[in-house]
Structure formats: structure tokens, C-alpha cells
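Engineer: Below is the sequence, then the predicted model.
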Amino acid sequence: MKKIIGRKEYDTENATLIKKYTYGCYGDPEGYEELLFQTPDEFYFVFVRGGENSPYPSEDIQRLSKDKAKQWLENHQ
């Protein structure tokens, strides 16, 4: 998935996956995934997707600062 945020392109195909967090199982309407990525120029973003009753009923990309990415990792141990 690609998304432009503030003139910067965030693309799951060209970034490095750092960590994947899954809540629930496949097909669970409340289940979801959060995938933390780092771009080649060291920006961070989370790709999210989930079931219809989850916090992420549609796919999206959310950019993160370096500090927020570190905090995300600490919260998803």
C-alpha cells in the first residue's frame, strides 16, 4: 500500500518491516494487524488493517516519529 502524507510517500513495498502485531485471528471481525515499517530514508510508519468491528476497519498508513516508533515497539513486546 502507498500513501502520501505531507508530500512524503510511504510505501509498504519499499520499506523494511520491523515488527508485526496481530490481535485476534484471521476472519475475526474484531481482529486487526499493525505493521511497523522503516523507510530507506529512516522515516517510520504503521500499516493497519482489520475486521469490520476492529479499530481499523479499512487499510491505512499512519506516520510515526522516531520516538513514537520506539514507544510503539515498547508497547508491543
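Structural biologist: In hand now; what should we look at?
Engineer: Any buried residues in stretch 69-77, and which?
Structural biologist: Buried residues in stretch 69-77, counting neighbours by 16 or more other C-beta atoms under 10 Å, are found at 69, 72. Every residue, glycine included, has its C-beta placed from N, CA and C.
Engineer: The chain should start at 722 in everything you say after this.
Structural biologist: Fine by me, first position is 722 from now on; the one you just mentioned is stretch 790-798.
Engineer: How far away from the center of its chain is that stretch?
Structural biologist: 12 Å (C-alpha atoms, centre = their mean, to the nearest Å).
Engineer: swap in stretch 780-798?
Structural biologist: Distance, centroid of stretch 780-798 to centroid of chain: 8 Å (C-alpha atoms, centre = their mean).
Engineer: Please enumerate residues in contact with it?
Structural biologist: With C-beta atoms under 8 Å, 6 or more residues apart in numbering as the test, stretch 780-798 has contacts from 722-724, 726-727, 729, 731, 733, 739-740, 742, 755, 757, 759, 763-770.
Engineer: Quick check on the residues you listed: which are buried?
Structural biologist: Neighbour counting by 16+ other C-beta under 10 Å classes 724, 731, 742, 755, 757, 759, 764-770 among those as buried.
Engineer: Generate TSV for these, with distance to Ile782 and pLDDT as supplementary columns.
Structural biologist: Shown next, in TSV, are the buried ones among the contacts of stretch 780-798 (distance: C-beta to C-beta, whole Å; pLDDT from 0 to 100):
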residue	distance to Ile782	pLDDT
Lys724	4	95
Tyr731	5	95
Tyr742	15	96
Glu755	11	97
Leu757	11	98
Gln759	13	97
Phe764	11	96
Tyr765	11	97
Phe766	5	98
Val767	7	98
Phe768	5	98
Val769	8	97
Arg770	10	96
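Engineer: Tell me which of the residues you listed fall in strands.
Structural biologist: 724, 731, 742, 755, 757, 759, 765-770 (DSSP state E).
Engineer: if we can go back for a sec, turn the buried ones among the contacts of stretch 780-798 into TSV, columns for distance to Gln798.
Structural biologist: Output for the buried ones among the contacts of stretch 780-798, formatted as TSV (distance: C-beta to C-beta, whole Å):
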residue	distance to Gln798
Lys724	27
Tyr731	24
Tyr742	10
Glu755	13
Leu757	12
Gln759	18
Phe764	23
Tyr765	17
Phe766	20
Val767	16
Phe768	19
Val769	19
Arg770	21
